[in-house]
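Participant: One predicted model, sequence on top.
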Amino acid sequence: MPIRTLSSALVNQIAAGEVIERPASVAKELVENAIDAGATRIVVRIEGGGRERLEVIDDGDGIPHDELSLALAPHSTSKLTTSEDLNRIRTLGFRGEALCAISSVSHVKLASATRGNGQSWTIESRFGEVSEAKPSSGPPGTSIVVAGLFSNVPARRKFLRGDPAEAARVTEVVCNAALSHPSVAFRLESGGRKVLDFATANDCFGRVSDVFGDALGQNPLTVAGEAIGEEFASRVLGIVCRPASMRSVSRTQRIFVNGRPIVDRSLVHAVREAYRGLAEPSLQPVFAIFLTVDPSLVDVNVHPQKSEVRWSNPSWMHRLVYRSVQDALRSEDLTVGDSRLISHALSDSNGIDPRTAPSSASVSTRSAVDRASPSHSFSHSRVVMEEDQGHLLAPPVAVRQVLQVNDTWLILAEDDAVVIVDQHALHERVMFEEIRSRIGGGDLMSQRLMIPATADVSPESLANLETLGPLFARLGIEVTAVGPRTIAVHAFPGFLIGRKVDAATFVVRALCDESLASAATSSDDSTLREQALADILDMMACKAAVKGGDRLSREEIAELLSARSTTDRSSNCPHGRPTSIRIPIIEIERRFGRR
Amino acid sequence: MATTATDSMKIVCDRAALVDSLTLASSVVMSRTTVPVLLCVKLSAKDGTLKLWATDQDIRLSLVLASVEVHSDGDALIPADKFAQIVRSCNDSTLTIQMDKNVAVVRGEDSKFRVYGYDPREFPGETDKSDVPIEFEVAAGVLRRMISRTVFSTASDNTRYAFNGVLLERKGRRLRMVSTDGRRLAMVRGDCSGPADGDATCIIPTKALNVVNRLLDDPDACVRISRDRNRIRFEVGETAVIVSSLIEGNFPPFDDVLPKEHDRRGTFDTAELAAAVKRAALLTNEESKGVKLSFNSNGLTISSRAAEMGDAEVHLPVLSWEGADIEIGFNPAYITDVLRIADTKVVAIEMKGANRPGVIKIGDDFTYVIMPVSLPS
């Protein structure tokens, strides 16, 4: 076949494949256009999952009569003029290809009236063939009807899924748009029935509770982090669930950058890392995180659907999110069964607006006090990255009397509850945090052994030494292989020796742990290696901690319990199991039939 | 020997002498056990003398008490702790102890205690007669010096049992005692005398040596030592015998551990060095102690740092220094431990690299090896 230049219709169809994949992509592009046009109310109506008919109506600025035909032309946009603008994109759309792409694979009817002159004009396009604009009647704003999507591209149509599945994706798109634009009212109808209806909300927190509903669980926590600095001025706002409300599915996890929903594994990981040790590892947090960053810090022009972004400094963003979420979690007493939590309504919060740069003074400030419903009141914490001090720790416990039961459980009375503490779990957490801070502070003394401690391991486990060796070294453990199935420990952390942890036994156990070895093997993934390090730390903490069945002296009990209030994340052991259970007096009264 | 519970012992003894013996017995008996007779001291009055036994089943102590009037023969088995407390608290110069069945009645001038005891026949163990011949003899003063220079650096509850005791090695007339907890090692030499020739080694539990050490007040007394396969027996003078089971297991090859050479050597005033280390150790972490020692010909600087606490720096002069400058980390407790038992005005430290063991030498006969710790830079 000879080489030929493709017809423009074909070019547009091919390009459409990149931007427009399914009805949800159409909905996304059109809703974003509506938001960029300054709409305060957006209505989406779909039929047949959106493939038969998809209509988006907004009350935005509208398109002037003389620009109507250009709106459907390729690479035409009102959002960008020079290439410098690409570096500071503040609108959701900018590529100028969405409408063109949509119109090349469907029947589009676009009606628009600008606020000023009020006259409405309609333009139609049938698979790219654009008609003349005709006068019509309608309110200010734009309405677009997309019918028969992909009816000229059977190959693409074949890949669409059933109507309910496609409708669900459209719902997701509208939810994301609603989450990031609380000041805009949204309504979604499918087959004539109302699916979503969000009134204007005062801030993202209010909107999140509308959208997530019960998924957030009791008393979700607010995240408020801020990075100060010329270059990296960024803010994190968000809502995260309490560890007790974590679920086994990851669907209710959202991240937005400047109002744009994104898929970013690294940032999801950052949030999950913040929960590490607060719940079973298999559970997923429910969260919505809103990042406001200077547009120059993030490249959104990576993916045609803009679902992925590229950061100028990804690890820095990871840290900002991790620390912000961690601080929100740290600032709360997360003891299981705690009904006493003081949830004070958010006193001030800033709405997220993608068109507003973070440094701009015009960030809208609204009060959320009137918005917070009784079931979703938020307590508020603020973290400032540059000053990594002043963590709000769990409130100090007023320990009056403590009873050690079965040499395993500590039972104590607090103001309005009875608290049962698992001495091993709590001490394990205390040790874990202590060792971690020692490593952080370069304060983990390693004691050289006079006679190397030797032990036998299987050759397979011995092979793990190569990958685990560097991690051991960071922890002050020096190990070498001294034969095909023998290891020798030459140096070991002093505090573990002090706690009578046997060096050789410990190292053998770590070497035999398959998950540890595989995590450490992924040398390219630093987060996995950090995880492996945390796993070894956890093994250390477990070994160094008092066991269930150890009788503790009064002094030891007092010291352990005082650590409960000064140790980070003391509500759970490093494996995520709770360290303490709180039984409110109210609950006891009820059981005794007094209530 | 028809010692029965019906015999009722009656003795009058010098209180001060009894206090000493009972304190020693209390250090032998178990502190926590479900077998009550193991908490007891056994007394036996016969032929005008009073003998006293205590055991924890590994160690068996027997003492002959001076300054006792035996009014009537008999045995008694009395809880050691309470008995010792009573005797210690009384003011009387003598006390009368009379058994009424298994109850011990202790009488002073203005007091009377009835302490419930047990049937003396329940006390475990055999007679003190030994058919094993004496192997060698050592002066109490020498043994005392050797014990106090080694017991402090043993381990406790280590899974490597050999670390929980002190190695005693005899080669002809030469004795060596060695102890280690895996991070430091102490070795002291001494001399012994016949009657039997021969070489032998054994590992003696720390607790037994501590008890023996308390019996060695008279430096000129003779300590006769005999052994069989799994026990060692110390006869101190004519009045005290301690039999202890030995620790089975292999002592680490300490001759390989002892550094053969060094390229740096400094000498210090013992008291100055001890005080300096102690001060620097004030700012170390409870569980993770380490101080940095920076040696050069101008002196020694000991520095420490504890997260969230602070840091310290102590300087002291060096009496003499040979070799290049060096910085090395040590657990300060390991240094102060050994300086506490130093009896010379000057101690020497020898080293060969920050990763290699350091050696402290006190006198000609004592060598102490300390493994370094790595310190954050």
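Facilitator: Yes, it's here. Residues are numbered from 1 along each chain as shown, chains lettered A, B, ... in the order given.
Participant: Let me see the contact set for B:Gly125.
Facilitator: B:Gly125 makes contact with B:Trp53, B:Thr55, B:Arg60, according to C-beta atoms under 8 Å, 6 or more residues apart in numbering or on different chains. Yep, even glycine has a C-beta here, placed from its N, CA and C like the rest.
Participant: Give me the mean pLDDT for whichever strand or helix holds the first one.
Facilitator: The reference is to B:Trp53. Using DSSP states H and E, B:Trp53 maps to strand B:49-55. Over the span of strand B:49-55, the pLDDT mean works out to 92.
Participant: Can you report phi and psi for B:Lys46?
Facilitator: phi -160, psi 140 (degrees, to the nearest 10).
Participant: So what sits opposite it in the bridge?
Facilitator: The bridge-partner assignment for B:Lys46, based on DSSP bridges, gives B:Thr49.
Participant: just checking, it touches B:Leu65?
Facilitator: No: if you go by C-beta atoms under 8 Å, B:Lys46 and B:Leu65 don't touch, sitting 12.0 Å apart.
Participant: quick one, which of these two is more surrounded?
Facilitator: B:Leu65 (20 against 15; other C-beta atoms under 10 Å in any protein chain shown).
Participant: Just want the most central residue of chain A.
Facilitator: A:Val268 (4.5 Å; C-alpha atoms, centre = their mean).
Participant: could you point out which element follows the strand or helix carrying that residue?
Facilitator: Here A:Val268, judged by DSSP H and E, is contained in helix A:265-275. Once helix A:265-275 ends, the next helix or strand along the chain (criterion: DSSP H and E) is strand A:287-293.
Participant: Need the residues that contact the helix or strand following that following strand.
Facilitator: Going down the chain from strand A:287-293, the next helix or strand is strand A:298-299, by DSSP H and E. Outside strand A:298-299, the residues that touch it by C-beta under 8 Å, 6+ apart are A:Val257, A:Asn258, A:Val309, A:Arg310, A:Trp311, A:Ser312.
Participant: go with 6 Å
Facilitator: Here strand A:298-299 makes contact (C-beta atoms under 6 Å, 6 or more residues apart in numbering or on different chains) with A:Val257, A:Val309, A:Arg310, A:Trp311.
Participant: now swap in stretch A:189-196 and tell me
Facilitator: Residues contacting stretch A:189-196 (C-beta under 6 Å, 6+ apart): A:Arg45, A:Ile46, A:Ala167, A:Thr171, A:Val174, A:Leu188.
Participant: number of nearby residues for residue 159?
Facilitator: In the absence of a named chain, this looks at chain A. 10.
Participant: um, chain B though
Facilitator: For B:Thr159, the count of nearby residues is 12 (other C-beta under 10 Å).
Participant: Over to A:Val405?
Facilitator: Residues near A:Val405, counting by other C-beta under 10 Å: 10.
Participant: now the strands: where do they sit in the stretch 251-377 of chain B?
Facilitator: Along the stretch 251-377 of chain B, counting by DSSP state E, counting those that start in this stretch, strands occupy B:264-269, B:291-296, B:299-306, B:310-316, B:320-322, B:326-330, B:346-351, B:358-362, B:366-370, B:373-374.
Participant: Let me know which of those is the nearest to chain A.
Facilitator: strand B:373-374 (4.4 Å; C-beta to the nearest C-beta).
Participant: That closest one: partners in the sheet, and parallel or antiparallel?
Facilitator: Strand B:373-374 pairs in its sheet with strand A:446-456 (antiparallel), by DSSP bridges.
Participant: relative orientation of the strand it pairs with and strand B:326-330 in degrees?
Facilitator: Using axes from the mean of the first three to the mean of the last three C-alpha atoms, to 10 degrees, the inter-axis angle of strand A:446-456 relative to strand B:326-330 is 60 degrees.
Participant: buried set for strand A:446-456?
Facilitator: Within strand A:446-456, the residues scored as buried using 16 or more other C-beta atoms under 10 Å in any protein chain shown are A:Ser446, A:Gln447, A:Arg448, A:Leu449, A:Met450, A:Ile451, A:Pro452, A:Ala453, A:Ala455.
Participant: So A:Pro140 versus B:Ala271, what's the distance?
Facilitator: 95 Å (C-beta to C-beta, to the nearest Å).
Participant: ok, now B:Thr201?
Facilitator: Noted for B:Thr201: a distance of 35 Å to B:Ala271, by C-beta to C-beta.
Participant: Between the strands of the stretch 251-377 of chain B, which one is closest to B:Phe254.
Facilitator: strand B:366-370 (8.5 Å; C-beta to C-beta).
Participant: where does the stretch 51-200 of chain B dip in pLDDT?
Facilitator: B:126-130, B:195-196 (pLDDT under 70).
Participant: Show me what from it comes close to chain A.
Facilitator: Proximity of the stretch 51-200 of chain B to chain A, by C-beta under 6 Å from any C-beta of the partner chain, involves residues B:Thr159, B:Gly182, B:Arg183, B:Leu185.
Participant: who touches the second one in this structure?
Facilitator: To tie it back to what came earlier, the one meant is B:Gly182. A:Leu449, A:Met450.
Participant: So it, which state does it fall into?
Facilitator: Look at B:Gly182: counting by DSSP: H, G, I helix; E, B strand; the rest coil, its state is coil.
Participant: which residues in the stretch 301-450 of chain A form helices?
Facilitator: Counting by DSSP state H, counting those that start in this stretch, the stretch 301-450 of chain A has helices at residues A:314-330, A:423-440.
Participant: Turn these into a markdown table, including mean pLDDT.
Facilitator: Formatted as a markdown table, those follow (pLDDT from 0 to 100):
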| stretch | mean pLDDT |
| --- | --- |
| helix A:314-330 | 82 |
| helix A:423-440 | 85 |
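Participant: and chain B, which of these is closest to it?
Facilitator: helix A:423-440 (6.8 Å).
Participant: Spatially central residue for chain B, please.
Facilitator: With distances taken as C-alpha atoms, centre = their mean, the residue of chain B nearest its centroid is B:Asn210 (2.4 Å).
Participant: can I see the domain layout of chain A?
Facilitator: By the assignment in automatic domain parsing, chain A contains the domains A:8-198, A:211-330, A:339-429+A:551-591, A:444-544.
Participant: In TSV, list those domains along with distance to B:Tyr334.
Facilitator: Below are the domains of chain A laid out as TSV (distance: least, C-beta to C-beta, whole Å):
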stretch	distance to B:Tyr334
domain A:8-198	61
domain A:211-330	35
domain A:339-429+A:551-591	25
domain A:444-544	10
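Participant: Compare the mean pLDDT across those domains and name the weakest.
Facilitator: Going by mean pLDDT, the lowest-scoring of the domains of chain A is domain A:339-429+A:551-591, which has a mean of 61.
Participant: I figured B:Leu167 was touching B:Pro252, is that so?
Facilitator: No: counting by C-beta atoms under 6 Å, B:Leu167 stays clear of B:Pro252, with 9.3 Å between them.
Participant: Show me which of the buried residues of strand A:446-456 is closest to B:Trp321.
Facilitator: A:Arg448 (23.5 Å).
Participant: what's across from that closest one in the sheet?
Facilitator: Counting by DSSP bridges, A:Arg448 forms beta bridges with A:Ala491.
Participant: Over to B:Lys361?
Facilitator: B:Ala348, B:Thr367.
Participant: Before we move on, what's the pLDDT of it?
Facilitator: Value listed for B:Lys361 in the pLDDT field: 95.
Participant: where's it relative to A:Arg485, distance?
Facilitator: 40 Å.
Participant: out of those two, which sits in the more crowded spot?
Facilitator: Using other C-beta under 10 Å, the more surrounded residue of B:Lys361 and A:Arg485 is B:Lys361, with 17 against 14.
Participant: Hmm, the more buried one is touching B:Val346, no?
Facilitator: No: using C-beta under 6 Å as the test, B:Lys361 is too far from B:Val346 to be in contact (9.9 Å).
Participant: just to revisit the earlier point, just send the residues of the stretch 51-200 of chain B next to chain A back as CSV, with distance to B:Arg107 too.
Facilitator: Below are these laid out as CSV (distance: C-beta to C-beta, whole Å):
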residue, distance to B:Arg107
B:Thr159, 49
B:Gly182, 52
B:Arg183, 52
B:Leu185, 52
